[in-house]
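Q: Below: sequence and its predicted model.
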Protein chains: 2
Amino acid sequence: MIGLERLSLNQATVKHLTLEQAVALCVRHGIPAIGLWRDRVAEAGLARAASVVRSAGLHVSSLCRGGFFTRGASALADNRAAVIEAAELGADTLVLVCGGLGPGRRDLGLARRIVADAIGELVPVAQRLGVRLGIEPMHPMFCADRSVISSLGEAADLAATFPADTVGVVVDTYHVWWDARLAADLARCGGRIAGFQVCDWVLPLPADTLLGRGHLLDGVIDFGPVAAAVTAAGYRGYVEVEIFNAEVWDAPADQTAATVRARFAAALGEVGTGAGARADGEVGTGAGARADGGAGAG
Amino acid sequence: MIGLERLSLNQATVKHLTLEQAVALCVRHGIPAIGLWRDRVAEAGLARAASVVRSAGLHVSSLCRGGFFTRGASALADNRAAVIEAAELGADTLVLVCGGLGPGRRDLGLARRIVADAIGELVPVAQRLGVRLGIEPMHPMFCADRSVISSLGEAADLAATFPADTVGVVVDTYHVWWDARLAADLARCGGRIAGFQVCDWVLPLPADTLLGRGHLLDGVIDFGPVAAAVTAAGYRGYVEVEIFNAEVWDAPADQTAATVRARFAAALGEVGTGAGARADGEVGTGAGARADGGAGAG
């Protein structure tokens, strides 16, 4: 059972809102935490952003994002700045999207070493400022251009080379749901889970695969087992709903927030009760799971 | 070093050709083997297809494809027919694309059990006819709708529950290149590798992600290490070039065949010599690897 008191709205779900607007939205809908994005923080100004969030009584579950370590020499400076911002905002985690192969490169092993070395350089900065870094494995379809860390197991192995209170992993259902080793890899994460993000995998994938995410229960992901495994691994933090989807972005923000709350309760509210997260009554009706293009019932 | 004597052209690379045309193309270009597709075999007629290929002196490296076990009750009958066709054609392997979650379903574990059970039912048929089944893990982006077997390790674990001479795995660079565990999983495959297919991962992904494949060296995959690991695992069979790409399909077939041969030699011809498969001179020029959207040099 993950209750609504652990719901966090990731700002990317309401991409068109300013930080102030997103904060106000959370307050209106009784959402107790928010995941912030650096561009919107910069737009508001760091000090003002921290003040707005604090005054509203919101918890900052994450700052998105650092990483892209394979893009070259400027990456470290940018990541140092991100750590400072995360500290100022009191974010639970600075999410790291580690970067792809790098321009003109094909050597995955090299890219992974660059990522590991860069995190090693960032760790003392994070320790000094009390910020926790969260390595987010991305779906393997982003391996070339966004993250050479493509599975939870790989992220866990990498995190394990650093102190647990400074480097953890971020579990996003969209990126890891397919993995046959997920349950086993979550089990060995123990206290390493630094963040948990949820959204659904919707078919068919859109032209821009970055945007193929949906509200919980609009797609094929079985959230119950993942949430149960994350919980069993000891994670008690906020659960962010983070949806990259052009239609969701264009919907009225209050409607989005209401849907986020309702689906969160339906998909995660029963975790651990044995009933799972099916909400089968809803699945058959409209936007429910239709793998293989099949119409109708399973 | 994988020489051109081990090159096979998968029919899907020249999708618009009939079986007879594809066979003639291979003969014209000195390509000694072909991977056949069932729709084109059916179009030609099974007996005639077998005769055409045999008369041309071509080896049949695979028949594509069986599988889709999660689509329901008709799957087994269709797979039995595919085994009979593979036997008649003398194909080295019947490639199995195992199927996605199934209509309206979200339970990955259930889908994987259905796949395992169905292969178990198919094994006696394959043994009786002397056909080898090749489980092809597909890229995780196809987990929902095409194959719940999403990594080589998972395919190897599944294959290991059946006799090695009847069930192996098919390694396709497009599907497995991203996997940090690939080298270790290939090493434990030993004699289980029943097929090896190559094509490149080209950025950006097209709207239909099924078609995001390119000629070798047009994308980001480092073929040398994969081919070396496949070779080290004992695989000595044909290497199929299989490219799903609308532009490749629309190109003149003789041009495609010539490019297939030239790129195969450049990407795989040096495997094991220590020089790797970079062909760096070519990479910087035009269609070479440009991860992260970076222009120019690395």
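A: Perfect, I can see it now.

Q: The residue of the stretch 1-150 of chain A found nearest chain B: neighbouring residues, count only.
A: With C-beta to the nearest C-beta as the measure, A:P103 is the residue of the stretch 1-150 of chain A nearest to chain B, at 2.4 Å. C-betas here are computed from N, CA, C, even on glycine. For A:P103, the number of neighbouring residues by other C-beta atoms under 10 Å in any protein chain shown comes to 18.

Q: Quick check: residues of the stretch 101-250 of chain A near chain B?
A: Applying the criterion C-beta under 8 Å from any C-beta of the partner chain, the portion of the stretch 101-250 of chain A that neighbours chain B consists of A:101-109, A:112, A:139-141, A:143-145, A:148, A:150-151, A:153-154, A:177-181, A:201, A:203-207, A:209, A:219-222, A:225.

Q: State the three-state secondary structure for the residue of the stretch 1-150 of chain A closest to chain B.
A: In three-state terms, and counting by DSSP: H, G, I helix; E, B strand; the rest coil, A:P103 is coil.

Q: Let's see the pLDDT reported for it.
A: pLDDT recorded at A:P103 is 85.

Q: and it, what are its phi and psi?
A: Main-chain torsions, A:P103, degrees, to the nearest 10: phi -50, psi 130.

Q: In space, what's closest to the residue minimising distance to the centre of chain A - neighbours in sequence excluded?
A: Centrality entry for chain A: nearest residue to the mean C-alpha point is A:Q197, 3.8 Å, by C-alpha atoms, centre = their mean. Counting by C-beta to C-beta, 6 or more residues apart in numbering or on different chains, the nearest residue to A:Q197 once its immediate chain neighbours are dropped is A:D172, at 4.1 Å.

Q: and the one you found, how far is that from chain B?
A: When distance is defined by C-beta to the nearest C-beta, to the nearest Å, A:D172 is 13 Å away from chain B.

Q: list the contacts for that residue?
A: With contact set as C-beta atoms under 8 Å, 6 or more residues apart in numbering or on different chains, A:D172 has these partners: A:E136, A:P137, A:M138, A:F196, A:Q197, A:V198, A:C199, A:E242.

Q: mind giving me JSON lines with those residues and columns for distance to B:P252?
A: Output for the contacts of A:D172, formatted as JSON lines (distance: C-beta to C-beta, whole Å):
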{"residue": "A:E136", "distance to B:P252": "45"}
{"residue": "A:P137", "distance to B:P252": "42"}
{"residue": "A:M138", "distance to B:P252": "38"}
{"residue": "A:F196", "distance to B:P252": "52"}
{"residue": "A:Q197", "distance to B:P252": "47"}
{"residue": "A:V198", "distance to B:P252": "48"}
{"residue": "A:C199", "distance to B:P252": "44"}
{"residue": "A:E242", "distance to B:P252": "46"}
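
Q: What's the biggest helix in chain A, counting residues?
A: Ranked by residue count and defined by DSSP state H, the top helix of chain A is helix A:108-129.

Q: pLDDT (mean, whole number) over stretch A:186-194?
A: If you average the pLDDT values across stretch A:186-194, you get 95.

Q: Only the buried residues of it, if you could.
A: Within stretch A:186-194, the residues scored as buried using 16 or more other C-beta atoms under 10 Å in any protein chain shown are A:L186, A:C189, A:R192, A:I193, A:A194.

Q: Check stretch A:9-24 too.
A: Residues of stretch A:9-24 classed as buried under the neighbour-count rule (16+ other C-beta under 10 Å) are A:L9, A:N10, A:Q11, A:A12, A:T13, A:V14, A:K15, A:L17, A:L19, A:E20, A:A22, A:V23.

Q: Ends of it, what's the gap?
A: Across its full length, stretch A:9-24 reaches 12 Å end to end, with C-alpha to C-alpha, to the nearest Å as the criterion.

Q: Check the secondary structure at A:S51 for me.
A: helix.

Q: Tell me who's in contact with it.
A: With contact set as C-beta under 8 Å, 6+ apart, A:S51 has no partners.

Q: And for A:R28?
A: Listed by C-beta under 8 Å, 6+ apart, the contact set of A:R28 reads A:D254, A:A257.

Q: any idea of the pLDDT on it?
A: A:R28 carries a pLDDT value of 98.

Q: Report the separation between it and B:L217.
A: As defined by C-beta to C-beta, to the nearest Å, A:R28 lies at a distance of 54 Å from B:L217.

Q: again with A:A246
A: Counting by C-beta to C-beta, the separation of A:A246 from B:L217 is 34 Å.

Q: between those two, who's got more neighbours?
A: Counting neighbours by other C-beta under 10 Å for A:A246 and for B:L217 shows that B:L217 has the greater number, 24 against 11.

Q: Assign a three-state SS to the more buried one, would you?
A: When the structure is reduced to helix, strand and coil (three-state DSSP), B:L217 reads as coil.

Q: Measure how buried the closest residue in space to A:R188 that isn't next to it in sequence is and give me the count.
A: Distances taken as C-beta to C-beta, 6+ apart place A:A156 nearest to A:R188, at 6.4 Å, with adjacent residues excluded. Using other C-beta under 10 Å, A:A156 has 21 neighbouring residues.

Q: can you give me how far whichever helix or strand A:A156 is part of is from the chain middle?
A: Under the criterion of DSSP states H and E, A:A156 resides in helix A:152-159. Here helix A:152-159 is found 16 Å from its chain centre; the criterion is C-alpha atoms, centre = their mean, to the nearest Å.

Q: just to revisit the earlier point, what backbone torsions are found at the residue nearest to the centre of chain A?
A: Backbone phi and psi, for A:Q197 under degrees, to the nearest 10, turn out to be phi -120, psi 140.
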